[in-house]
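Student: the sequence and its predicted three-dimensional model are supplied below.
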Amino acid sequence: LKGEKSEPGEVRVRILNGGAPDGSAQKELLYLQTEAGVTKSENAGDAPAEIAKTTLEYAPDQADQARRLADILGLSGSAMKPGESVTNAQGLPTMTLTLGKDFKGAGVKLNASSGQTPEGVQKSTADKVACAK
């Protein structure tokens with residue numbers, strides 16, 4: 001994941017749903033286009049098979065785009081699959097993001113902890129001593 005990163009507007013990706021809840025590819029597309037600036041993205045429908053973990057397949061010359069998208073999505077290095085690019089509707093090479101069963105929702109980083117502190121509960125840290133009320 002180290003190295004140059006493309007600007008979000010230069011990233012070309014098609015999104016497949018490979019086991020995420022129905023509608024996830026479209027919701028992620030909307031997030032990428034409206035919130036993350038990845039305007040060259042498209043919904044490519046359902047993947048041929050369900051997968052457990054979200055993956056990003058990219059060609060070697062797309063590594064800078066892949067690093068940017070991985071940063072936006074919170075993808076780990078193990079989710080990145082060097083391989084072939086696919087040609088999009090405009091005839092341009094594009095990466096393939098396949099949302100797996102681990103997909104947490106549009107705009108939610110995959111590496112984000114799922115545990116949020118419930119409202120009204122004080123967080124404690126190792127450097128502070130506090131008594132419970």
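Tutor: Okay, I see it.

Student: strand partners (parallel or antiparallel) of the worst-scoring helix or strand of the chain on mean pLDDT?
Tutor: Within the chain, no helix or strand scores below strand 86-87, which has a mean of 84 by mean pLDDT, DSSP states H and E. Paired neighbours of strand 86-87 in the sheet (DSSP bridges): strand 93-99 (antiparallel).

Student: and the strand it pairs with, C-alpha only, in CSV?
Tutor: Below are the C-alpha coordinates for strand 93-99, written out as CSV (Å, rounded to 0.1, in the frame of the first residue of the first chain):
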residue,chain,number,x,y,z
PRO,A,93,-9.0,-0.1,-18.5
THR,A,94,-10.7,-0.2,-15.1
MET,A,95,-10.1,-2.0,-11.8
THR,A,96,-12.7,-4.4,-10.3
LEU,A,97,-13.9,-4.0,-6.8
THR,A,98,-15.9,-7.0,-5.6
LEU,A,99,-17.8,-6.4,-2.4
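
Student: in it, what counts as buried?
Tutor: By neighbour count on 16 or more other CB atoms under 10 Å, the buried set for strand 93-99 is 94-99. (C-beta placed from N, C-alpha, C; glycine too.)

Student: what's next to it, contact-wise?
Tutor: The contact list for strand 93-99, computed with CB atoms under 8 Å, 6 or more residues apart in numbering, reads 11-20, 24-25, 28, 40, 42, 44, 47, 51, 54-59, 61-62, 65-66, 69, 73, 85-88.

Student: picking that back up, nearest to Lys2 among the buried residues of strand 93-99?
Tutor: Met95 (18.2 Å; CB to CB).

Student: not counting its neighbours along the chain, what's nearest the closest one?
Tutor: Counting by CB to CB, 6 or more residues apart in numbering, Met95 lies nearest to Tyr58, which is 4.2 Å off, once chain neighbours are set aside.

Student: show me what that neighbour is bridged to.
Tutor: Per DSSP bridges, the residues bridged to Tyr58 are Pro82.
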